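[1] I would like the atomic coordinates for the input below:
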Amino acid sequence: MLSLSESVDHYHRNRALHTHEKAVASGIDEMYWHATWLPFMVAGAERLYVDCAGPSSAVSPVRLVSSDWEDFATERTPSLTAAVEMWVQALDAGHYHWSEADGHWICDYSALPSHWRTSGLF
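    Coordinates of the predicted model:
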């Protein structure tokens, strides 16, 4: 999970990486990293982001960009609130727990409901 300043840094980094003069000149500067995408969680090449393209009164869907860019426009949850609710439910159900010995979170991935496993949020 990124802090707000880290999120803004990642946003600018992705815009710089995926937007260059030739792309702007040819009108495809929005082909990869859109100006309305704000990343909030990063794991390696995968980035969860909210798409802020809608009206200010609307919720922003959560989407996932992975290293292969497959299904990057697929809505994973309708909002960040819905994603957090899913994560809280997973914690409450005992699917995640903190391992003091290992110093990181352990997930019982096979116990997650199938629609959670395919969501890209776990």
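[2] Grab the nearest non-local neighbour of the residue nearest the centre of the chain.
    The centroid of the chain falls nearest to residue 48 when counting by CA atoms, centre = their mean (0.7 Å). Take residue 48 and drop its neighbours on the chain: the residue closest to it by CB to CB, 6 or more residues apart in numbering is residue 41, 4.1 Å away. (Each C-beta comes from the backbone N, C-alpha and C, glycine too.)
[3] So what does residue 7 look like in phi/psi?
    Dihedral pair for residue 7: phi -60, psi -40, per degrees, to the nearest 10.
[4] Could you number the chain from 232 rather than 1 from now on?
    OK, 232 is where the count begins now, so the last one is residue 238.
[5] what about it, neighbour count?
    Close neighbours of residue 238, defined as other CB atoms under 10 Å, add up to 18.
[6] Could you point out which residue ranges in this protein have low pLDDT?
    Low-confidence segments of the chain, defined by pLDDT under 70: 250-262.
[7] Kindly confirm whether my reading is correct that residue 297 touches residue 274.
    No: Residue 297 is beyond contact range of residue 274, at 9.7 Å (criterion: CB atoms under 8 Å).
[8] Of those two, give the one with the bigger neighbour count.
    The neighbour comparison of residue 297 against residue 274 (other CB under 10 Å) goes to residue 297, with 14 against 8.
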